[in-house]
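*Asks:* Pasting a predicted model and its sequence here:
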Amino acid sequence: MENNTKIKIDHLNLYIGKQHILKDINIEIPENKLTVILGPSGCGKTTLLKCMNRLTDLYHDVKIKGSIYIDNEDVLHTSTDVTEIRKKMGLLSQRPFPLPMNIYNNVAYGLKISGRRNKKALDARVENYLNMVSLWDEVKDRLREPASRLSIGQQQRLCLARGLAVDPEIILADEPTSALDPISSEAIEKKFIELKQQYTIVMVTHILRQARRIADYVVFMYMGEVIEQGPAEEIFTNPKMERTKSYLQGAFN
Amino acid sequence: MLKKFEEMFFKFIMMLCNFIILFVLVLIIYSIFHKGMKALTWEMLTQRPHGGYYYGKEGGVLNAIVGSLYLSFGATLLATIIGVPVALYMNVYLIKRKKIVNVIRFLLDLIWGVPSIVYGAFGFSLMVFFGLKTSLLAGIITVTLFILPIMIRSCDEILKTSPLGLLEAALSLGSTRTETSFRVILKQSFSGVVTAILLSFGRAIGDAASVLFTAGYTDNIPTSLSEPAATLPLSIFFQLGSPVPEVQNRAYASAVILTVIILIISLLSRALSKRFHKNKI
């Protein structure tokens, strides 16, 4: 593939206490593609994702060795400005966590904290990003209502809009559809396919069919190790490793 | 059959416990109002005492009402300014340092249990050290120290329940930990924090022992922080100690006033926290 590498994970090892969670991870994630990190539950996919925007900083007793380069800047280096790094990445978690404020402010929050306070510009951007996730028509009459009153599928789309509003380059998604009904899941998947033109998307999932539907590039993980990675077609049609094959055939499920 | 009996038995026990608690509560309120309403006059609320607090049948307890309000608002304000950031620090900044936070929690629980008279003695020794006389300021500082562990631990318990995912979401949007603390986590826990403040306020306004040596007692209404201040709990204490039955009844009237103040503050804070509750996720 002639794509530029957006995220390069270099010999990453992660320990929680004495447990070795991520074992010598080397991944190159291409720019403006949808990369799926696939693997059974508990294989360290989510932990790997959280390393990328240093949410691992919040966890007790975590030790990390190795590097993650985003545009040649080492995310894990102590001198890196975490806040700036995080602004480059939107995060979509397993279950939506809207901010405890109204719908409008959920989207405007990221803009406000980066100093944009012009009311008209904010209005326009909020509308724009809500439109981007096809939520505007559903919420335009109740922008001042608490975000928690939306359905869970709407909340997840709101979280996506909120993340997009801070102008990230990367979207990190941690099983973003696992709490959603099939229709809402489909909406998210469709959005991802649209968004990958402009954003580098990294999505964690254990749902094989979902990966098949939307992935450009696949990283298969098992027990904290990367077993295989490559373009989606290659992995799905012609996996090289035995364990990938058996997972694709449903042996782990 | 046995299961059904077990179910009924425990249901009965629980109802009995509920009933006992409610009964005691109603009894306390009844006895306060029953004795207090006789002595509660307009003068009680609007005048300063005449003729000393042990024997004074004339005048009122305005000095103590105002003193108590100054003291407890001052102390609650100070404790909120110090306590809420401490609790946020423990739950947002120190989230990775579980051990340190647990040590802090343990220590706070320990000093929560220290009797208020010990705080009074400590406050008094502080005053001697700094050369302060009994004054509103000394009282406020002592009461602040006394309610701080309550404030911090109650806020802490609420902030602990704020989901980790919310913290992650806010940080992922590029907000600093300070912005996350004050603009997201505090909003999420606002109703609980209001309850914590109310709890601290209740302790502040209801405590007699910590202000005995520090705020002192006076018939005057304090006009500055350096003057001594009277408080309702102490005036209840002095009036009850009087041999004169009319003065004793005035103690109950003072208790009615104290209870009503706490009731009003509760209702106000409830209304306030309700406004923010709707945004909670």
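*Replies:* Alright, I've got the coordinates.

*Asks:* Please make it C-alpha for all contacts and neighbour counts, starting now.
*Replies:* Noted.

*Asks:* Spell out the residue ranges of the helices in the stretch 101-250 of chain A.
*Replies:* Along the stretch 101-250 of chain A, counting by DSSP state H, counting those that start in this stretch, helices occupy A:103-113, A:119-132, A:136-139, A:152-165, A:182-195, A:208-214, A:232-237, A:242-248.

*Asks:* before we move on, what about chain B?
*Replies:* B:2-39, B:42-46, B:62-88, B:98-112, B:116-130, B:136-160, B:164-172, B:177-179, B:186-188, B:190-206, B:209-212, B:232-240, B:245-277 (DSSP state H).

*Asks:* Please name whichever of those is nearest to A:Glu225.
*Replies:* The closest of those to A:Glu225 is helix B:164-172. By CA to CA, the value is 24.9 Å.

*Asks:* Please report how far the nearest residue to A:Tyr104 once chain neighbours are set aside lies from chain B.
*Replies:* Spatial nearest neighbour of A:Tyr104, chain neighbours left out: A:Leu143 (5.1 Å); criterion: CA to CA, 6 or more residues apart in numbering or on different chains. Note on A:Leu143: its distance to chain B, by CA to the nearest CA, to the nearest Å, is 13 Å.

*Asks:* okay, now A:Leu143: neighbour count?
*Replies:* The tally of other residues near A:Leu143 (other CA atoms under 10 Å in any protein chain shown) stands at 16.

*Asks:* Also B:Met90?
*Replies:* Counted with other CA under 10 Å, the neighbours of B:Met90 add up to 23.

*Asks:* Could you measure from the residue lying closest to it once chain neighbours are set aside over to chain A?
*Replies:* Residue nearest to B:Met90 in three dimensions, not counting chain neighbours: B:Val101, with 6.1 Å by CA to CA, 6+ apart. B:Val101 sits 12 Å away from chain A, going by CA to the nearest CA.

*Asks:* For burial, what's the neighbour tally of B:Val101?
*Replies:* Based on other CA under 10 Å, the number of other residues close to B:Val101 is 17.

*Asks:* B:Leu267 now?
*Replies:* Quick note: B:Leu267 (other CA under 10 Å) scores 11 neighbours.

*Asks:* what's the distance between it and B:Glu168?
*Replies:* Distance check for B:Leu267 against B:Glu168: by CA to CA, to the nearest Å, it reads 34 Å.

*Asks:* Neighbours of B:Val114, how many?
*Replies:* Neighbours of B:Val114 under the rule other CA under 10 Å: 11.

*Asks:* Next, the contact list for B:Thr80, please.
*Replies:* The contact partners of B:Thr80, taken as CA atoms under 8 Å, 6 or more residues apart in numbering or on different chains, are B:151, B:197.

*Asks:* Could you report the pLDDT at it?
*Replies:* Per-residue confidence for B:Thr80 comes out at a pLDDT of 97.

*Asks:* got it, and the one 5 residues further on?
*Replies:* According to the per-residue confidence, B:Pro85 scores 96 in pLDDT.

*Asks:* So B:Gly216 sits against B:Ala230, correct?
*Replies:* Yes: B:Gly216 lies in contact with B:Ala230 (CA atoms under 8 Å); the separation is 6.6 Å.

*Asks:* The two: which is more packed in?
*Replies:* B:Ala230 (29 against 20).

*Asks:* The more buried one: what's it in contact with?
*Replies:* Residues in contact with B:Ala230, defined by CA under 8 Å, 6+ apart, are B:63-65, B:67-68, B:215-221.

*Asks:* for the residues you listed, which one is nearest A:Val107?
*Replies:* Checking those against A:Val107 with CA to CA, the nearest one is B:Ser68 at 45.0 Å.

*Asks:* about what we covered before: kindly confirm whether my reading is correct that the residue nearest to A:Tyr104 touches A:Val107.
*Replies:* No: taking contacts as CA under 8 Å, A:Leu143 lies outside contact range of A:Val107: 10.2 Å.

*Asks:* near chain A, which residues of the stretch 51-200 of chain B show up?
*Replies:* Proximity of the stretch 51-200 of chain B to chain A (CA under 8 Å from any CA of the partner chain) is limited to residues B:95-98, B:165-166, B:168-176, B:179, B:184, B:187-188.

*Asks:* Pull out the buried members of these.
*Replies:* Among those, the ones that count as buried by 16 or more other CA atoms under 10 Å in any protein chain shown are B:95-96, B:166, B:168-176, B:184, B:187-188.

*Asks:* ok, which pair from the residues you listed is furthest apart?
*Replies:* Checking these with CA to CA, the most distant pair is B:Lys96 and B:Lys187, at 21.8 Å.

*Asks:* ok, residue 152 - how many residues close by?
*Replies:* Using chain A here. By the measure other CA under 10 Å, the count of residues near A:Ile152 is 19.

*Asks:* The intended chain is chain B.
*Replies:* By the criterion of other CA under 10 Å, B:Ile152 has 28 neighbours.

*Asks:* What distance do you get for it to chain A?
*Replies:* Computed as CA to the nearest CA, the B:Ile152 to chain A distance reads 21 Å.

*Asks:* repeat for B:Ser200
*Replies:* The gap separating B:Ser200 from chain A is 25 Å, by CA to the nearest CA.

*Asks:* Show the model's pLDDT score for that residue.
*Replies:* pLDDT, B:Ser200: 95.

*Asks:* most centrally placed residue in chain A?
*Replies:* Geometric centre of chain A, nearest residue: A:Leu172, 1.6 Å, by CA atoms, centre = their mean.

*Asks:* my guess is it meets A:Leu92, correct?
*Replies:* Yes: using CA under 8 Å, A:Leu172 is in contact with A:Leu92, at 6.2 Å.

*Asks:* What are the contacting residues of the helix-or-strand element of chain B with minimal mean pLDDT?
*Replies:* In chain B, no helix or strand scores lower on mean pLDDT, DSSP states H and E than strand B:58-59, which sits at a mean of 80. With CA under 8 Å, 6+ apart as the test, strand B:58-59 has contacts from B:43-44, B:47-51.

*Asks:* try it again with 6 Å
*Replies:* If you take CA atoms under 6 Å, 6 or more residues apart in numbering or on different chains as the criterion, strand B:58-59 is touched by B:43, B:47-50.

*Asks:* what do you get for stretch B:168-178?
*Replies:* For stretch B:168-178, contacts defined as CA under 6 Å, 6+ apart pick out A:83, A:86-87, A:110, B:180.

*Asks:* I am finished for the moment; much appreciated.
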